[in-house]
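Q: predicted coordinates and the sequence they were generated for:
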Amino acid sequence: MKKTRSVSVVSFVVTLLMVVFCAPGWAQTTVSPLAPGGVKVFTQINPPPCDFGDVFYQENGIDPTQLVARFGSARQFGLPSLDPTVPNWVADSNCSTDDPTRRNFRILATTGGFRFGDGSPTEFISIIAFVTSQNAFLSSFSKQVGGSTISISKGANPRGIHMQDIVSNFEGYAAIKQVQADGRFALNPCAVDMQAPGVPTTPCFDVSSVNTVFTPNLRQNWNFTTERNAMDGSDHNCINTDPAVCPDGFNDAPFGYFCDDLLGMWIITYHWFIVNPLTEPSTTTCGQAFAALAKANGTSLDGTPIITKGDELDGLEGLGCAFEANAAVNGADGGAVWLICPAIPDPRNGGIAADAFLDGVRLKSGNFQSTALLNNFSCLQNTGKFCNEAAPEN
Amino acid sequence: MATKMNRNTLDATSRRDFLKLAATTAAFGPFFLFPDRALASQKKLKIAKWAHFLPEFDRWFVDVLAREWGNQNDTKVSVDVIPVEEIRDRAFAEVKAGKGHDLFMFPWPPAEFYPHVIDHGEVYNTVASGYGAIQQLAFRSTFNAKTKKHFAFADFWMPSPLHFFQDYWAEVGMPLGPVHYVSLRGGGKELRDKLGVPCGLAFSPTLEGNVTLHTILYAFRAWILDGRGDVLFNKNAFAVGALKYIQALYKDSGSPEQLAWGPAGNVRAMLARKTSCTTNAISLLRAAEKQDPEIAKKILLQPPLLGRSGMGVTALPHVTNCSAVWNFAQNQEGAKKFLAYLVDNSKAGYNKSLGCNFPVYPKTVPDLIVRLEKDPLADPSYKYVELKDALHWTPNLGVPGFATPAFMEIFNTSVIPRMVQSVVKGESSPEDAAKAVQAQVQRIADKWKQL
């Protein structure tokens, strides 16, 4: 049985190590001790994130012309960057040099999120583009590589698998603001097919465009299920029909985020409160649950308790205090159904560039809602390590 | 009886003959497979098995597998093929009489029969030397945590993917299928409104209905019993939430036939293109390939729908083939030996079932993924590779616990389909129906705890 929200710290760490030691062609450089602001010298192994090249999208079953608000082609300025002079992406010819699957647009807007298995503030991703309907999944594509043909046929990749089915295993959890401009609290999205039954539908919060999941429109940071990753060999894959190589037989399962979902796509699971935490008495079941969560994780900018991990959301849903749903895959709801949003496999040692900025939910004061995410981002950017790792070498 | 057995329309003529034979057998006696060297003192092995969805599998089982084993072991083997819906009653009748077959093969874990069977741990141990340790699905489907014994032996299982008509779903902008439950309902509604074709999930008190509805409950985290056997159902908001979803799904995209289907009704509806999708073992698609290749071409498979509340992509098995040797069996040793022989022949079973029977022991079909990637009957040939991860999205019946006697009684008495029917027919509110079933489930759980 697959447990999407299960977590394996060991596999995560091993994965990072694998990425560090196995990634091909990535130049190893050292940041000079220049550093305005006192940036320490550290070894640069991992390249910063860039958009994928069109052909790589196609090879993975995605029609790049169907991507919405794609970095490199759109949104250079404006949200998620709050500073109109700071771009979300820049042209960078190193992108395709470091990794031929990339095109030369480097992403500066680095979205922070919680790992849904355990709530750790360690996820850093690049929301490169949005997918709003199944039309974006290619039905056919072929490319000659050497003497072989790589092809997408009837939507399936050369392994016969639909990208859509791979992506369904990886959920990104979006929490859209529920407090409306007029101060009223919306208990349901406006998309009828997503609504929680028996819960008021007026007012409702908008999910009809990709803008609704831009970070400033969220009440709290994203959650991601990156933990489902078999790159460390924990799935015991053996993909060779030669019995000498795979004595126990051919095994190629399950899907892993970093091995099968090469575009780093997520299916968006929207989640929201169906009981208003701002008015719910502390004596009710939901009120008590909200209070406990707020005490543990703090409150978001609209005053609602923050959810950092799967168990917390499941608990609220089980009590009838929260709900979740996905948007219609034919685009009927209008908003983002999937994200092209690769998690940075290893954000250490160069994965977070010096000019990258954290795209995170902020409080009214302008400060980041999650200081833990901010701290990790700053440590990675300035030292090449997470804050709880050993201090960088001088 | 024969009509009840008709799970699909594959090979109608031979199927009819076979059913006739099976019906006659059930009424008058078993298939007798006399080994060539029949002796007066010869041992006997009496087997009862559920009627496979593909009759050619049963023909092979009876005519080849059992016969060859009989020859090799100087044993007269008889096989009774029994309709799925009669299996439980027939087994209870044998238990009551204290006599009958030696080996009884169920399409689900026969946990309710644990006081009347041998410990099958010995068979698992025997098989382990050649094929490795028991995997989780089989272990959790055949192990009684209370007695610490295996009440059955599992050798194969069948996943339950979503089958959908690609051309129908393309009409509503979902040529790759609905993927999750919101789109199943939304797309299903659009499709019924536009083409008049309803969604075809089985909601009736049949094997298909039970598997489908237990899957939806599980995918909505509306668990019935926990790992200790305590009742979880309706002790949180998930059960009512799932019922409200099913109610809405039926209202928006369903049809009254869904509630009235007998065994394999969902299969027949798909084969007649009267519904747009269903969940089932791939015997459905195999039947379509044989009956009408043009229809088969239009049916695509998809892994189960993405569940809610962190449940991920998941579906319960359509079948968990579990064999039990009665503790009153006359030939227990022969039965145990035959079970090990089944595993030795898993590869042939996979072939004869046209890939429906996924082996419990992966080593027996080491090239399973390769076969799924390139199926000689499928168009396109990679259609079945959607099952690649099936073992990872298929938990055991009884999940999050084991297949306990209480859970299997709930399953086999169709508590859940009856609850759903009362809701979608408007006889009960989701809240009232869930409350009633909670009490019913509690009684069943309490009964088994006292035993």
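A: Structure's in. What do you need?
Q: which stretch of helix or strand covers B:A403?
A: Secondary structure assignment for B:A403, by DSSP states H and E: no helix or strand.
Q: any idea of the pLDDT on it?
A: We note a pLDDT of 97 for B:A403 in this prediction.
Q: likewise A:C387?
A: pLDDT, A:C387: 90.
Q: okay, now the unreliable bits of the stretch 251-394 of chain A?
A: Applying pLDDT under 70 to the stretch 251-394 of chain A flags residues A:251-259, A:390-394.
Q: in it, which spans are helices?
A: With DSSP state H, counting those that start in this stretch as the criterion, the stretch 251-394 of chain A has helices at A:257-260, A:285-297, A:310-318, A:371-383.
Q: which helices and strands does the last one pack with?
A: Same thing as helix A:371-383. Counting contacts by 3 or more Cβ pairs under 8 Å, 6 or more residues apart in numbering or on different chains; DSSP states H and E, helix A:371-383 is packed against strand A:109-115, strand A:123-125, strand A:357-359. (Each C-beta comes from the backbone N, C-alpha and C, glycine too.)
Q: buried residues, that helix. List them.
A: Under the neighbour-count criterion of 16 or more other Cβ atoms under 10 Å in any protein chain shown, helix A:371-383 has A:372-374, A:376-377, A:379-383 buried.
Q: then stretch B:268-280?
A: B:268-271, B:273, B:275-280.
Q: now, these that are in helices?
A: Secondary structure from DSSP state H places B:268-271 of these in helices.
Q: among those, which one sits closest to chain A?
A: Ranked by distance to chain A (Cβ to the nearest Cβ), these are led by B:M270 at 19.6 Å.
Q: and the pLDDT for the closest residue to that closest one other than its chain neighbours?
A: In space, and not counting its chain neighbours, B:M270 is closest to B:T278: 5.5 Å by Cβ to Cβ, 6 or more residues apart in numbering or on different chains. Predicted confidence (pLDDT) for B:T278: 98.
Q: so B:T278 touches B:A269, yeah?
A: Yes. Using Cβ atoms under 8 Å, B:T278 is in contact with B:A269, at 7.4 Å.
Q: joint contacts of these two?
A: B:G200 (Cβ atoms under 8 Å, 6 or more residues apart in numbering or on different chains).
Q: residue 298: how many residues sit nearby?
A: Since you didn't name a chain, this refers to chain A. Per other Cβ atoms under 10 Å in any protein chain shown, the neighbour tally for A:G298 reads 15.
Q: should've been chain B
A: 17.
Q: same question for the one 4 residues further on.
A: Here the count is done by other Cβ under 10 Å, and B:Q302 has 23 residues near it.
Q: how much space between it and B:M174?
A: Here B:Q302 is placed at a distance of 10 Å from B:M174 (Cβ to Cβ, to the nearest Å).
Q: for B:D226, same thing?
A: For B:D226, the distance to B:M174 - Cβ to Cβ - is 36 Å.
Q: can you list contacts of the one helix or strand A:Y173 maps to?
A: Assigned by DSSP H and E, A:Y173 belongs to strand A:171-174. The contact list for strand A:171-174 (Cβ under 8 Å, 6+ apart) reads A:4, A:113, A:116, A:213, A:218, A:222-225, A:266-271, A:313, A:324, A:339, A:341, B:306, B:312.
Q: then stretch B:441-451?
A: Residues contacting stretch B:441-451 (Cβ under 8 Å, 6+ apart): B:115, B:224-225, B:229-231, B:233, B:404-406, B:409-410, B:415.
Q: that stretch: which residues count as buried?
A: Residues of stretch B:441-451 classed as buried by neighbour count (16+ other Cβ under 10 Å): B:441, B:444-445, B:448.
Q: which residues does the residue at minimal distance from the centre of chain B bridge with?
A: By Cα atoms, centre = their mean, chain B has its centre lying nearest to B:V319, at 2.2 Å. Assessed by DSSP bridges, B:V319 has beta-bridge partners B:M158.
Q: now do the contacts for the nearest residue to B:K99 once chain neighbours are set aside.
A: The shortest distance from B:K99 to any non-neighbouring residue, by Cβ to Cβ, 6+ apart, is to B:F328 (6.3 Å). If you count contacts by Cβ under 8 Å, 6+ apart, B:F328 has them with B:98-99, B:116.
Q: how about the contacts of stretch B:441-451 in JSON lines, adding secondary structure and neighbour count?
A: As requested, the contacts of stretch B:441-451 are exported to JSON lines (DSSP: H, G, I helix; E, B strand; the rest coil; neighbours: other Cβ atoms under 10 Å in any protein chain shown):
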{"residue": "B:P115", "secondary structure": "helix", "neighbour count": "12"}
{"residue": "B:I224", "secondary structure": "coil", "neighbour count": "27"}
{"residue": "B:L225", "secondary structure": "strand", "neighbour count": "22"}
{"residue": "B:G229", "secondary structure": "coil", "neighbour count": "18"}
{"residue": "B:D230", "secondary structure": "coil", "neighbour count": "13"}
{"residue": "B:V231", "secondary structure": "strand", "neighbour count": "21"}
{"residue": "B:F233", "secondary structure": "coil", "neighbour count": "26"}
{"residue": "B:T404", "secondary structure": "coil", "neighbour count": "26"}
{"residue": "B:P405", "secondary structure": "helix", "neighbour count": "26"}
{"residue": "B:A406", "secondary structure": "helix", "neighbour count": "27"}
{"residue": "B:E409", "secondary structure": "helix", "neighbour count": "18"}
{"residue": "B:I410", "secondary structure": "helix", "neighbour count": "24"}
{"residue": "B:V415", "secondary structure": "helix", "neighbour count": "22"}
